[in-house]
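Peer 1: Sharing a model that was predicted from the sequence below.
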Amino acid sequence: MKNVLLIDGHDYYERAKGNLTKEMCSSIYHILKEKYEIKTTVVYDGYDVPDEIEKFKWADVIIIQTPIYWFNLPGVLKKYIDDVFEPNIFFTKSESEKFGRGGLFTNKYYMLSLSWGASEKEFSKDHLNFLEGKNEDEVLFSVHKTMEYCGLKPLKTFSLYKAMRDPNLEKRLADVEKHLKDIFHI
């Protein structure tokens, strides 16, 4: 793995301007830049579909740094996926393939780096909580299946919690640095 595509999936709202996502993307970039070639996309700023397709072809690893809105990806990031993940580039439409097994990016990996409004305890196996004992990856099942449909393999998800209530940015940046060092062996 030497080429990394870093995607900033934040969608701008007056109450959520994207500062944390920008800081996280900047930190990820600076942590990896010594050992990896990095290309970036800030989805909210716009994108050219052919250019994005070329970035995916080039990348060995795709890192998506995004907040989670209403237990899902921001709308602008979902639209980006809808626009960019084209048939016969990301997956085959062949009828001979088993459903979901026609991904064309089988030699690539992805990592979700997420910020949640919820606290970490909400993802516990306590079935009395709102999320019914589901962990972060189970809540985002559809996102993982989208990536799998395209052949991408998952790397361990990074999550930070209470994104709009916990101002301890240094701890968050230290946590993502540790996560990246574990995943990328740097």
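Peer 2: Looks like it came in fine. Numbering: from 1, shown residues only.
Peer 1: Spatially nearest residue to residue 21 (excluding sequence neighbours)?
Peer 2: Of all residues not flanking residue 21 in the chain, residue 10 sits nearest, at 4.0 Å (Cβ to Cβ, 6 or more residues apart in numbering). C-beta: built from backbone N, CA, C; applies to glycine.
Peer 1: Next up, the contacts around residue 183.
Peer 2: When contacts are counted by Cβ atoms under 8 Å, 6 or more residues apart in numbering, residue 183 touches 111, 155-156.
Peer 1: thinking again about what came up before, secondary structure class of the residue nearest to residue 21, three-state.
Peer 2: What DSSP: H, G, I helix; E, B strand; the rest coil gives for residue 10 is coil.
Peer 1: which residues touch it?
Peer 2: Shown in contact with residue 10 (Cβ under 8 Å, 6+ apart): 16, 18, 21-22, 42-44, 66-67, 74, 76.
Peer 1: now those as a markdown table including secondary structure, distance to residue 147 and pLDDT?
Peer 2: Formatted as a markdown table, these follow (DSSP: H, G, I helix; E, B strand; the rest coil; distance: Cβ to Cβ, whole Å; pLDDT from 0 to 100):
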| residue | secondary structure | distance to residue 147 | pLDDT |
| --- | --- | --- | --- |
| 16 | strand | 24 | 69 |
| 18 | coil | 23 | 69 |
| 21 | helix | 19 | 89 |
| 22 | helix | 23 | 92 |
| 42 | strand | 20 | 97 |
| 43 | helix | 16 | 97 |
| 44 | helix | 21 | 96 |
| 66 | strand | 13 | 97 |
| 67 | strand | 18 | 95 |
| 74 | coil | 16 | 96 |
| 76 | helix | 18 | 96 |
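Peer 1: PyMOL command to pick out the buried ones of those residues?
Peer 2: Command for PyMOL, covering only those of the contacts of residue 10 found buried under the criterion 16 or more other Cβ atoms under 10 Å:
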select buried, resi 16+18+21+42+43+44+66+67+74+76
